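>>> sequence first, predicted model second:
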Amino acid sequence: MALGIAPFGREMEIKKIVLDEKTVKHLSDLGIMVGSKVTSLSDSKGAVILKVRDGRLALNKDLAMRIFVA
């Protein structure tokens, strides 16, 4: 399922990222990579708020729809 529509409050593992190499590298630097665990916290004005490691990040909804979790 796409991260942009994932249920809130449930930890999930990133399975696939369908983006260009530069963006994948940037997300990897932020801790968002295949195999990492993330929790979707909320959806706010076109952004998805995520818990990644010990921090929080906001991702554009379009970007979040290209990251797949299970």
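Nice, thanks for sending it over. Numbers count the residues shown, from 1 in each chain.
>>> and the gap between the residue lying closest to Glu11 once chain neighbours are set aside and Lys51?
Nearest residue to Glu11, sequence neighbours excluded (Cβ to Cβ, 6 or more residues apart in numbering): Thr39, at 4.8 Å. In short, each C-beta sits where N, CA and C put it, glycine included. Taking Cβ to Cβ, to the nearest Å as the measure, Thr39 and Lys51 are separated by 4 Å.
>>> related to what we said a few turns ago, which element, helix or strand, includes the residue nearest to Glu11?
strand 37-44 (DSSP states H and E).
>>> how about the CA coordinates for that strand, as PDB?
The C-alpha trace of strand 37-44 is given here as PDB (Å, rounded to 0.1, in the frame of the first residue of the first chain):
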ATOM      1  CA  LYS A  37      10.400   1.300   9.700                       C
ATOM      2  CA  VAL A  38       8.100   4.300   9.700                       C
ATOM      3  CA  THR A  39       4.800   5.300  11.400                       C
ATOM      4  CA  SER A  40       2.300   7.600   9.700                       C
ATOM      5  CA  LEU A  41       1.100  10.000  12.300                       C
ATOM      6  CA  SER A  42      -1.300  12.300  10.400                       C
ATOM      7  CA  ASP A  43      -2.300  13.900   7.200                       C
ATOM      8  CA  SER A  44      -2.100  17.700   7.200                       C
END
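>>> contacting residues around whichever helix or strand comes after it?
For strand 37-44, the succeeding helix or strand toward the C-terminus, using DSSP H and E, is strand 47-52. By Cβ atoms under 8 Å, 6 or more residues apart in numbering, the surrounding residues in contact with strand 47-52 are 3-4, 30-32, 36, 38-43, 56-61, 64.
>>> can you list the strands that strand 47-52 pairs with?
Here strand 47-52 is paired, per DSSP bridges, with strand 37-44 (antiparallel), strand 55-60 (antiparallel).
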